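Q: For reference, the sequence and a predicted model appear below.
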Amino acid sequence: MIEALNPAYAFERLQRSDGARLHEINRGCPIEADFTFYFDRGADFFAWPDGAFERHRYIGIFCEEELVGYGMIGINRGWVGSELGQHLYLGDWRILPGHRGASLGQQGAEALAVDLPEELTCGYCLVKRGNSPVEWILRTRSADQWTVRHLCPFSAVNLLILFRPAAPRRHTVRRATAEDAELLADLMRRAWTGRLFAPEVTVDAVRQDIERLDREGEGAYYLAERRGHPAGLLRAWDASAVRRTVVLGYTRRGRLIRLAFGAARHLLRGMASPPGPGEAFRSLTLHRVAVPDSDPAVLRDLLLAVIREHHGRGYHMAHLGLCGGDPLALAVRGLPAQRFLSEIHVITRRGFDPPEAERPVPWIDLERI
């Protein structure tokens, strides 16, 4: 147990046996907009971090032996400048409303960083734009062992699946098979190598992932081709088994919006009915995008093909992540979408220079945030 600055609180590493209490923290931290919702992590709280990171550690925030919050560090291997190395992601934080505002997040992050291996010298975190308390901490406070600097904006684009869009115009798009693994791996290497935090790519890992997605029915890789030549790809993943957005209730404005969408279903055949209280949005995560020449027309056709295929199958939206300055952002122009804006910050161990990437756009994947 690590004591906080406020003697009423303490920090302690969490184990898999703490999963039920972590679920309760999520339910106790609803997010309010036009509707109130929380993030449900399925039957196994740790299934998401197990799949997203090579290893991870969670820390609990305790007040008089009651768990009132938690946070995580996930560790992966990827580009950390001009070479491959380990890096961390600091995220997945929840603190119950009655215990916020005591710098518990910052102290918890420092407690998480204790005893990290020396070769782990950098990483990143994501802060939702407008989260003033966290932004203030990053600007005005520093940790003993780590420094933080702003890297770039990040936009989580929620593409609404309202109607069946037009077919791709310039590219043929198909589901990839295990026989395409070498081709896909080559596209990924050409698109990702030299980008900060991009993973190492192997043909065997790609092949195994394709086979697993097909076997478990969670999604697929989609390949765009132009006159028989590969142009780009993305991975479409139904993550509902490990995390989903559950609606608790609607505001008055939210109820009106829901009624409007319900009425629109009579005109937009195949549009999914908005979820009611206790129900979850059904969504796809579109990620691991690899377009070596950064042509937004390639990503546009990939998006159109995936949305066309999943329209009428009960999906409400598809999530896509885009870093500021990415030319691929033009691919979503004109598509019905909501955007949630955040900022990416680089974390560097003191005594080391912040990593400088060979290419300007970092590799930030929605599977890991």
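A: Looks like it came in fine. In this text, all values refer to a predicted model and were calculated from it rather than measured experimentally.

Q: Could you use CA atoms for every contact and neighbour count after this?
A: Will do.

Q: Using the record's assignment, carve this protein into domains.
A: 2-153+342-368, 159-242+273-340 (automatic domain parsing).

Q: okay, and for this structure, where does confidence drop off?
A: 1-5, 132-133, 136-143, 266 (pLDDT under 70).

Q: Now do the helices in it.
A: Listed in chain order, the helices of the chain (DSSP state H) span 19-27, 47-52, 104-112, 132-140, 181-192, 203-216, 252-264, 296-310.

Q: deepest of those, which one?
A: Counting by mean count of other C-alpha atoms under 10 Å, helix 296-310 has the highest mean neighbour count of these, with a mean of 22.

Q: CA atoms of it as CSV?
A: The C-alpha trace of helix 296-310 is given here as CSV (Å, rounded to 0.1, in the frame of the first residue of the first chain):
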residue,chain,number,x,y,z
PRO,A,296,-7.5,9.8,-48.5
ALA,A,297,-9.4,8.3,-51.5
VAL,A,298,-8.1,4.9,-50.5
LEU,A,299,-9.4,5.2,-46.9
ARG,A,300,-12.7,6.8,-48.2
ASP,A,301,-13.4,3.7,-50.3
LEU,A,302,-12.5,1.4,-47.4
LEU,A,303,-14.9,3.2,-45.2
LEU,A,304,-17.7,3.1,-47.8
ALA,A,305,-17.3,-0.6,-48.3
VAL,A,306,-17.3,-1.4,-44.6
ILE,A,307,-20.4,0.8,-43.8
ARG,A,308,-22.2,-0.7,-46.9
GLU,A,309,-21.6,-4.2,-45.7
HIS,A,310,-22.7,-3.5,-42.1
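
Q: counting contacts, what elements does that helix pack onto?
A: strand 172-175, strand 219-226, strand 229-237 (3 or more C-alpha pairs under 8 Å, 6 or more residues apart in numbering; DSSP states H and E).

Q: For burial, what's the neighbour tally of I73?
A: A count of nearby residues for I73, using other C-alpha atoms under 10 Å, gives 23.

Q: Using a markdown table, lay out the helices of the chain together with distance to E118.
A: Output for the helices of the chain, formatted as a markdown table (distance: least, C-alpha to C-alpha, whole Å):
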| stretch | distance to E118 |
| --- | --- |
| helix 19-27 | 29 |
| helix 47-52 | 22 |
| helix 104-112 | 14 |
| helix 132-140 | 23 |
| helix 181-192 | 26 |
| helix 203-216 | 27 |
| helix 252-264 | 49 |
| helix 296-310 | 39 |
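
Q: just so I know, which of those lies nearest L120?
A: Between L120 and the helices of the chain, the shortest gap by C-alpha to C-alpha is with helix 104-112, which sits at 13.2 Å.

Q: hey, where'd the strands end up in the stretch 1-150 of the chain?
A: 2-3, 9-13, 31-32, 35-40, 55-63, 66-79, 84-95, 122-128, 146-160 (DSSP state E, counting those that start in this stretch).

Q: partner strands of the fourth one, parallel or antiparallel?
A: Its sheet considered, strand 35-40 pairs with strand 31-32 (antiparallel), strand 244-250 (antiparallel) by DSSP bridges.

Q: Contact partners for R207?
A: Contact analysis of R207 by C-alpha atoms under 8 Å, 6 or more residues apart in numbering lists A178, E179, D180, A181.
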